[in-house]
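In: What follows is a protein structure lacking sequence information:
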Ligand SMILES: O=C(O)COP(=O)(O)O
Ligand SMILES: [Mg+2]
């Protein structure tokens, strides 16, 4: 039996527009420290390296670097608040659901590779009723390494029962593009996501503005292999 191809998707800023809920949580924690709020654009530029990095960046924006013990307590408060508001406003980006269905119908395996904690990623995908669509969901704490480490993508593909030689990554930020490059997996950069550097400047194989164009773009990235896989 021939291994089917695997589509690996980043979560925050690629599959789901989570910035509004991340913003509300970050501002709640900042307010508890009597620190000024940040705005949505700032959160969009600060997201991609995990919740702890987001919290540190939010505090740095207010000119504060908390002691490690204090950070542990604030991080715990962040996680509690965020888990309680995981999908108050978060929703799939336009066309994402139809695109996932198209890949599934064509026999692709689907996987999520996110720097979000796996528990939060699962809670979000469960709440949006998306979990059954994925063969694997790997978070920033699932393995001993995470994006931009190439192993995060490679092990996610294996967890999904796929073959890294027959995989394509879809992401929005430097961690995604760099992890894909280092793993030898072709990568699509989505322009609507969260990054402080425009995704086109990170040189993904393809840059897309919309999920509607993803299937054709990805098919073009695996021509010879796709035939070998029977797709
Ligand atoms: O939560 C984050 O900062 C990162 O999440 P992502 O890897 O899904 O973009
Ligand atoms: Mg992202």
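Out: Great, that's in hand. A quick note: this is a predicted structure, and the numbers were derived from the prediction, not measured. Ligands and ions are numbered 1, 2, ... in the order given.
In: Residue 30 and residue 63 touch, don't they?
Out: No. Between residue 30 and residue 63 no contact is recorded; they are 11.7 Å apart, counting by CB atoms under 8 Å. C-betas here are computed from N, CA, C, even on glycine.
In: With neighbour numbers in mind, choose between those two.
Out: It is residue 30, of residue 30 and residue 63, that has more neighbours when counted by other CB atoms under 10 Å, with 21 against 8.
In: Pop out the phi and psi values for residue 40.
Out: Note on residue 40: its backbone torsions stand at phi -60, psi -40 [degrees, to the nearest 10].
In: so it makes contact with residue 21?
Out: No. Under the criterion of CB under 8 Å, residue 40 is not in contact with residue 21, lying 11.1 Å apart.
In: More neighbours: those two, which one.
Out: residue 21 (21 against 11).
In: who's in contact with the more buried one?
Out: 82, 85-90 (CB atoms under 8 Å, 6 or more residues apart in numbering).
In: Nearest spatial neighbour of it, chain-adjacent residues omitted?
Out: In space, and not counting its chain neighbours, residue 21 is closest to residue 90: 4.9 Å by CB to CB, 6 or more residues apart in numbering.
In: same thing with residue 74?
Out: residue 29 (5.6 Å).
In: can you list the residues of this structure near ligand 2?
Out: Residues of the chain lying near ligand 2 by CB under 5 Å from the ion: 10, 12-13, 48, 172-173.
In: Where in this structure is the helix or strand with the lowest mean pLDDT?
Out: The weakest-scoring helix or strand in the chain, judged by mean pLDDT, DSSP states H and E, is helix 223-228 (a mean of 51).
In: Can you show me the strands along this structure?
Out: 6-9, 16-17, 91-92, 109-113, 136-138, 167-171, 187-190, 206-208 (DSSP state E).
In: most packed of these?
Out: strand 167-171 (a mean of 30; mean count of other CB atoms under 10 Å).
In: List the pairing partners of it within its sheet, with orientation.
Out: Sheet pairing here is set by DSSP bridges, and for strand 167-171 it gives strand 6-9 (parallel), strand 187-190 (parallel).
In: follow-up on the earlier one: could you provide the contacts of residue 21 in CSV, with additional columns for neighbour count?
Out: As requested, the contacts of residue 21 are exported to CSV (neighbours: other CB atoms under 10 Å):
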residue, neighbour count
82, 24
85, 16
86, 19
87, 15
88, 11
89, 13
90, 19
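In: Could you chop the protein up by domain?
Out: Domain ranges of the chain: 6-17+90-228, 19-84, per automatic domain parsing.
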